[in-house]
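**Q** Here is a sequence together with a model predicted from it:
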Amino acid sequence: MLKKISAMLVALTLSVCVFTSCGKSSSSDAESSSSSSSASESDSSSDSSDSSSDASASQADSSDASSNNDSSGVSEVTAKDPSLTIDGKKIDIDNFTMCTIDGVDIDFMTFRYFYFETINQFTQEYGANLDTIKNISGGFDNLIKATVENIKNSRIIIDKLFKENNLSLSEDDKKKIEEDFESTKKSFSSEEEYKVQLLNAHLTEDIFKTNLEYLKKKDIISSTLFTNDGKYATKRADFKNIVKDTSKYACETHILIPFYAEVELDEETKKTYDSMTLENKITAKREAYNKLDDASKEKAKQAAKSKADEALKKALAGEDFNELIKQYGWDTSLAANNVGYYFSKDNTTFPTELVQKAFSLKENEIDKEVLVHETYGYFVVKRQAVDMAYVEKYLDSLIQEYDTPLVNKLISEMNNNLEVKYCDGWDKIDADSIN
């Protein structure tokens, strides 16, 4: 079980997003990434409280500490002893180099840490553990490749950006890293408990300290290069002109009616349904829908489509769109505010169809047809005028969102240009090789 140490390192996001602040200041912008980005969700209103991958180490530690008291004693060591077996032969892991990336040797213990973090990532995103992965054709190969990619993004590219832009850790930065380390260590009930949790998180103390250093480096890169008029950030004055160009930037709002919206619930669930939060209603309806056979699902879809047509008819007749969202909509983000979503034509967070539809409309125009999305359901789409007061209030957050595709492209290109050399026997490594 991942505890304080792993929680503290959650900000070392194992993706390109490590460089682009995923946390947003504005309410609608902050919630847009959680409401539209995951194709695994069956609607665009996933939990808007989803934690930011760019949370600071201190925030992650404090939030974890509030829900994780270890005063009851030493936990059991659940992780196996570190070992590497290649082609049936036990390898001496001391000073063993698993691979070399851009001239940097990656020792076994560092590789092992990222390997298990990548498995955790697969489990969280896809529900796949190691047993699942190794039983899928090509699954283990994808796991190993993803591990190398995570090392590139979380270590190598950070160092390259630091070097190429003459960045460095200040004495205050180093002091803060040490303080974070000591604070985390002291939060355990004993030295023994601390060591147990290091082992369970597949960490050594050196790797833990190094991860804290890279977390600080990542923050410096984000604040100096990718935000605040940094080298790779769109300048504030330029962005204010961009948002005024309706061919480049839009504000969109919608009435979302998912396929499961009109599904019938069992009698027990009906008793408490009206008092549920929207999030709980979504869960109840989705679960009921998922239990249906194909014919019943199709019937539920048609009922939802009729509801969407009804909402569209009222919208085109001039009824207040925000009131219709409250009456018909299932998007939790829009239910919490009536601001709408702000995005560029190149936005990759929202469904492509929704972005294209928004830009096909004039400001304050409602699309005359219901938009059908195979994952999320039915959308009644309206393009709103960009509110410059809102843009001014959340300027930096909106710039970060706007710059995300360009930053991701930059990081991807850097990643692809990194040379990787693998250890002897690399092609013989399998799901039983690394403990």
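**A** Sure thing, it's come through. Residues are numbered from 1 along each chain as shown.

**Q** Could I get the average pLDDT for stretch 278-286?
**A** Rounded to a whole number, the mean pLDDT of stretch 278-286 is 96.

**Q** Give me the contacts around stretch 304-317.
**A** With CB atoms under 8 Å, 6 or more residues apart in numbering as the test, stretch 304-317 has contacts from 255, 257-262, 321, 324, 327-328, 366, 368-370, 372, 377-380, 382. The way it works is simple: take the backbone N, C-alpha and C, and place the C-beta from them, glycine included.

**Q** nope, stretch 428-435 is what I was after
**A** Where contact means CB under 8 Å, 6+ apart, the residues beyond stretch 428-435 that reach it are 80-87, 112, 115, 130, 133-134, 140, 144.

**Q** Now, the residues you listed that are in helices?
**A** Where the contacts of stretch 428-435 overlap with helices, as defined by DSSP state H, the overlap consists of R112, Y115, L130, I133, K134, F140, I144.

**Q** My read is that the first one contacts D81, right?
**A** This points to R112. No: contact criterion CB atoms under 8 Å: R112 and D81 do not qualify, at 11.1 Å.

**Q** Between those two, tell me which one has more neighbours.
**A** Set R112 next to D81 and count neighbours by other CB atoms under 10 Å: R112 wins out with 23 against 7.

**Q** how many other residues sit next to G88?
**A** The burial metric for G88, expressed as a neighbour count using other CB under 10 Å, is 8.

**Q** for M98, phi and psi?
**A** Dihedral angles of M98 (phi, psi; degrees, to the nearest 10) stand at phi -70, psi -40.

**Q** Not including adjacent chain positions, what is the nearest residue to A284?
**A** T269 (5.4 Å; CB to CB, 6 or more residues apart in numbering).

**Q** what element comes up after the host helix or strand of Q302 heading to the C-terminus?
**A** Of the helices and strands defined by DSSP states H and E, Q302 is found in helix 294-316. Going down the chain from helix 294-316, the next helix or strand is helix 321-328, by DSSP H and E.

**Q** Buried residues, that next one. List them.
**A** Along helix 321-328, these residues count as buried under the neighbour rule (16 or more other CB atoms under 10 Å): F321, N322, L324, I325, Y328.

**Q** now the angle from it to helix 294-316?
**A** The directions of helix 321-328 and helix 294-316 differ by 150 degrees, with axes from the mean of the first three to the mean of the last three CA atoms, to 10 degrees as the criterion.

**Q** and for helix 321-328, what are the contacting residues?
**A** Taking contacts as CB under 8 Å, 6+ apart, the residues outside helix 321-328 that touch it are 253-255, 257, 307-308, 310-311, 314-315, 331, 334-335, 338, 366, 380, 382.

**Q** Give me the subset of the contacts of stretch 304-317 lying in strands.
**A** Where these overlap with strands, as defined by DSSP state E, the overlap consists of I255, I257, I366, V372, G377, Y378, F379, V380, K382.

**Q** Please, where are all the helices along the stretch 51-200 of the chain?
**A** Per DSSP state H, counting those that start in this stretch, the stretch 51-200 of the chain carries helices over the ranges 57-67, 108-126, 130-134, 139-151, 157-164, 171-186, 191-200.

**Q** In the fourth one, which residues are buried?
**A** By neighbour count, and taking 16+ other CB under 10 Å as the criterion, the buried residues in helix 139-151 are G139, F140, L143, I144, A146, T147, V148, E149, N150, I151.

**Q** how much space between the nearest residue to the fourth one once chain neighbours are set aside and D141?
**A** So the one you mean is I144. Taking CB to CB, 6+ apart, and ignoring the residues beside it in sequence, I144 has I429 as its nearest neighbour in space, at 6.9 Å. Taken as CB to CB, to the nearest Å, the spacing of I429 relative to D141 amounts to 10 Å.

**Q** Tell me the predicted confidence for the nearest residue to A261 once chain neighbours are set aside.
**A** Once its chain neighbours are removed from consideration, A261 has its nearest residue in A304; the separation is 4.6 Å (CB to CB, 6+ apart). We have a pLDDT of 98 for A304.

**Q** What of K186?
**A** Each residue has a pLDDT score; the one for K186 is 91.

**Q** neighbours of it, just the number please.
**A** Taking other CB under 10 Å as the criterion, the count of residues near K186 is 9.

**Q** domains for this protein, by residue range?
**A** If the domains of the chain are taken from automatic domain parsing, they occupy 4-234+410-428, 245-385, with pieces of a single domain joined by a plus sign.

**Q** quick one: least confident of the ones in helices among the contacts of stretch 428-435?
**A** The lowest pLDDT within these belongs to K134, which sits at 87.

**Q** and it, how far is that from A128?
**A** The value you get for K134 to A128, if CB to CB is used, is 10 Å.

**Q** Ok, Y194 next?
**A** Taken as CB to CB, the spacing of Y194 relative to A128 amounts to 30 Å.

**Q** and what of F226?
**A** Shown here: F226 relative to A128, a distance of 31 Å by CB to CB.

**Q** T272 is in what secondary structure piece?
**A** Using DSSP H and E, the secondary-structure element containing T272 is helix 267-273.

**Q** Starting from that helix, tell me the next helix or strand along the chain.
**A** In the C-terminal direction, the helix or strand that comes right after helix 267-273 (DSSP H and E) is helix 278-290.

**Q** what packs against that next one?
**A** Contacts defined by 3 or more CB pairs under 8 Å, 6 or more residues apart in numbering; DSSP states H and E place helix 278-290 against helix 267-273, helix 332-336.

**Q** Any idea which of the ones you listed gets closest to F343?
**A** When the helices and strands packed on helix 278-290 are ranked by proximity to F343, the top entry is helix 332-336, at 13.0 Å, counting by CB to CB.
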